[in-house]
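In: fold the stuff below for me.
(chains A and B)
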Number of protein chains: 2
Amino acid sequence: VGHVDGHLALIDQTQLPAVLQERQCTTVEQVWESIRALRVRGAPAIGIAAAYGVCVGLQTTSSGDQKALDTRLDEVLRYLASSRPTAVNLFWALDRMRRKAADVRGRMSTAEQRAILLQEAISIHEEDRAMCHAIGRHGASLIRDGQGVLTHCNAGGLATAEYGTALSVLFTAQDEGKKLQVFVDETRPLLQGARLTAWELLDRGIPATLICDSAAAHVMREGKVHSVITGADRIASNGDTANKIGTYALAVLARAHELPFYVAAPSSTFDLSITDGQSIPIEQRPAEEVTEGFGNRTAPENVDVFNPAFDVTPAEYIRAIITERGVIEPVNLQTIAACMAQQKGTQLFSR
Amino acid sequence: VGHVDGHLALIDQTQLPAVLQERQCTTVEQVWESIRALRVRGAPAIGIAAAYGVCVGLQTTSSGDQKALDTRLDEVLRYLASSRPTAVNLFWALDRMRRKAADVRGRMSTAEQRAILLQEAISIHEEDRAMCHAIGRHGASLIRDGQGVLTHCNAGGLATAEYGTALSVLFTAQDEGKKLQVFVDETRPLLQGARLTAWELLDRGIPATLICDSAAAHVMREGKVHSVITGADRIASNGDTANKIGTYALAVLARAHELPFYVAAPSSTFDLSITDGQSIPIEQRPAEEVTEGFGNRTAPENVDVFNPAFDVTPAEYIRAIITERGVIEPVNLQTIAACMAQQKGTQLFSR
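Out: The predicted model follows:
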């Protein structure tokens, strides 16, 4: 996701890795379509795109007319909210824009209000960027020069403002002068590892080796990697972590090979209303992702398919969770509660 | 692989699962091309096809001319041996046909010699069929009615004379009236599970559920499967087993979930010249199998790829090896040596 200068610029992720195409969204309809069509994906990136999308949408209102601004704002917020109905970060970002608009409504010119809203979108963007870098700094201390690291799916800059979460750890380690060898699970069925993570690593000059998901255990056994690091979609109070299908397998395999398994995620990923992983619902995805994943039918027409989007890794398999507030280690109810309770900015578990 | 009536009939595996096409090979060139182009694959099936291929090739010799038969036999044997230079079963079958030809040469008419050679090909076929059924009988005793079973790659009837090895266990359990629910790993990169195993199971009316390889751990954790069964490419003296990439991961995951992990393979798979799995060479396959699996490029052009065809599962992870001679359990140097030493036909470890 890029910045706004009357428009929103973003990398069209559906074209990667074949084509690196920057998409300029000059209308709110284009922003909506980009979110809907997964041209921008990743929870933080969707939130940022939506916030900027509000600003793009408000450009059509005539100067000085508060009522027109109110009407258009309401319209744009509802419209963008319909782009991906289950994306939590989308609603969070739109709600934040709505509250900011309410704060300043009538207290200044409509042009000034629009400027304030653009500033709010930039803040959302900047806060995410700072969060990614903080995760990178904390996590990089866990990676040593010359090590091999295995990652799964895409928890990189494409999904966030910059640097990402799991990949931020690797990017920051590289910035610190550490040489890495990263093994990338292709991540069936949607191949985010092959398409996006491999691209991001190569783009930054980090040696990346693509493997089939099923080869991870063999790579571990051969001593090629020293740790495993992934992102997270949702983390329960006790540390049980939902993430892309295949993450749990890696955690079990990492333990069998005595390798540390790390999760990198912002504190906003923790859902303290959930006791443990059993309460996390697992989204089932269409069979066609598996049976027609590559454009050709690769399975019998009438076969049943079980295609869970996520799995849950029990906290006991996770050596540490790397957040923007610091590293949570060991991972349990107490250490997570302590991290979540601390003031933003302090680093209780920093190392 | 079907039988001969002047020609060889085989299912074109490259067309599965989209099209079930039987290919009639009336010339040795067509047999050669079918082996080369992987229309017939699986070690036993290749051997059987090659043996029949010799008979197809000899049809062109004129009756009564021993010298013409000698020349043509030599030509056909060398030609078929060039179809897949690394297929051990191919050479084994051709060598057996060569020895049989030498046994009977000059002792009867050339027509009778050709009939004897066809009988030898039929014997190779029948022995493989009997072997598959014996594996099925021994293995079926390990599977209970109503259980879920996970399998990987294709160790079924398409790769053998009939029934296969790992799938023979499931087919035989079904023949015994047991109801099964089979989970099939799609088996990246070449998707033998999705394309072939799912097809074979559905063809026999066994409920099959296709999953991504990375979902196997989640399926185990959810209690959906009670055992894991795969074939084998090569087994060392101590029981370490080379098989399709991803097998080792399943074995580790099975242990973590306290599920038995079984290997089904004929006694010919044991290589007693090899002490342990470390001496088994791992074939590296082309990167394009991963990056251009099914017509579309799914990874950056310049990414490194590590694409081992096999991995090695240490014996300690294998609950039992199911052979045509019986079930080897526990799996170690002594039990394997005892099984290999027994007379063919006796069943020392039968259960």
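In: contacts only, for A:Gln59.
Out: With contact set as Cβ atoms under 8 Å, 6 or more residues apart in numbering or on different chains, A:Gln59 has these partners: A:Gly6, A:Arg114. Bear in mind the C-beta positions are built from the backbone N, C-alpha and C, glycine included.
In: could you confirm A:Leu10 falls within a strand?
Out: Yes - counting by DSSP: H, G, I helix; E, B strand; the rest coil, one finds A:Leu10 located in a strand.
In: residues touching it, list them.
Out: If you count contacts by Cβ under 8 Å, 6+ apart, then A:Leu10 has A:Val1, A:Gly2, A:Glu22, A:Arg23, A:Cys25, A:Ser34, A:Arg39, A:Val40, A:Ala45, A:Ala49 around it.
In: beta partners for the fourth one?
Out: Read that as A:Arg23. Residues found in beta-bridge contact with A:Arg23 (criterion: DSSP bridges) are A:Leu10.
In: list the helices and strands the top helix by length along chain A packs on?
Out: With residue count as the measure and DSSP state H as the assignment, chain A has helix A:110-140 as its longest helix. Packing contacts for helix A:110-140, counted by 3 or more Cβ pairs under 8 Å, 6 or more residues apart in numbering or on different chains; DSSP states H and E, involve helix A:43-58, helix A:66-81, helix A:88-104, helix A:166-175, strand A:261-264, strand A:320-323, strand A:326-328.
In: right, and these - which one's nearest chain B?
Out: Distance to chain B, taken as Cβ to the nearest Cβ, is lowest for strand A:261-264 among the helices and strands packed on helix A:110-140, at 12.8 Å.
In: doesn't A:Gln181 make contact with A:Ile145?
Out: Let me fix one detail, which is that residue A:145 is Asp and not Ile. No - at 11.2 Å, A:Asp145 does not count as touching A:Gln181 under the criterion of Cβ atoms under 8 Å.
In: who's more crowded, those two?
Out: A:Gln181 (17 against 10; other Cβ atoms under 10 Å in any protein chain shown).
In: do you know how far that one is from chain B?
Out: When distance is defined by Cβ to the nearest Cβ, to the nearest Å, A:Gln181 is 9 Å away from chain B.
In: residues of the stretch 51-200 of chain A that sit close to chain B?
Out: A:Phe183, A:Asp185, A:Glu186, A:Thr187, A:Arg188, A:Pro189, A:Leu191, A:Ala194, A:Arg195, A:Ala198, A:Trp199 (Cβ under 8 Å from any Cβ of the partner chain).
In: point out the residues in the stretch 251-351 of chain A that sit beside chain B.
Out: Listed as neighbours of chain B in the stretch 251-351 of chain A under the rule Cβ under 8 Å from any Cβ: A:252-253, A:255-256, A:287, A:290-291, A:293-308, A:311.
In: any of these buried? List them.
Out: When neighbours are counted using 16 or more other Cβ atoms under 10 Å in any protein chain shown, those contain these buried positions: A:252-253, A:255-256, A:287, A:290-291, A:293, A:297-300, A:303-308, A:311.
In: now, these that are in helices?
Out: Counted as lying in helices by DSSP H, out of those, are A:Val252, A:Leu253, A:Arg255, A:Ala256, A:Val290, A:Thr291.
In: the last one contacts A:Asp304, doesn't it?
Out: Spelled out, it's A:Thr291. No - A:Thr291 is beyond contact range of A:Asp304, at 10.3 Å (criterion: Cβ under 8 Å).
In: shared neighbours of the two, anything?
Out: Among the neighbours of A:Thr291, those also in contact with A:Asp304 (Cβ under 8 Å, 6+ apart) are B:Leu210.
In: pipe the helices and strands packed on helix A:110-140 into a markdown table and attach distance to A:Gly136, mean neighbour count and mean pLDDT per row.
Out: Listed next are the helices and strands packed on helix A:110-140 as a markdown table, based on distance: least, Cβ to Cβ, whole Å; neighbours: other Cβ atoms under 10 Å in any protein chain shown; pLDDT from 0 to 100:
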| stretch | distance to A:Gly136 | mean neighbour count | mean pLDDT |
| --- | --- | --- | --- |
| helix A:43-58 | 14 | 27 | 93 |
| helix A:66-81 | 29 | 16 | 96 |
| helix A:88-104 | 20 | 18 | 93 |
| helix A:166-175 | 3 | 26 | 97 |
| strand A:261-264 | 8 | 27 | 98 |
| strand A:320-323 | 9 | 28 | 98 |
| strand A:326-328 | 12 | 24 | 97 |
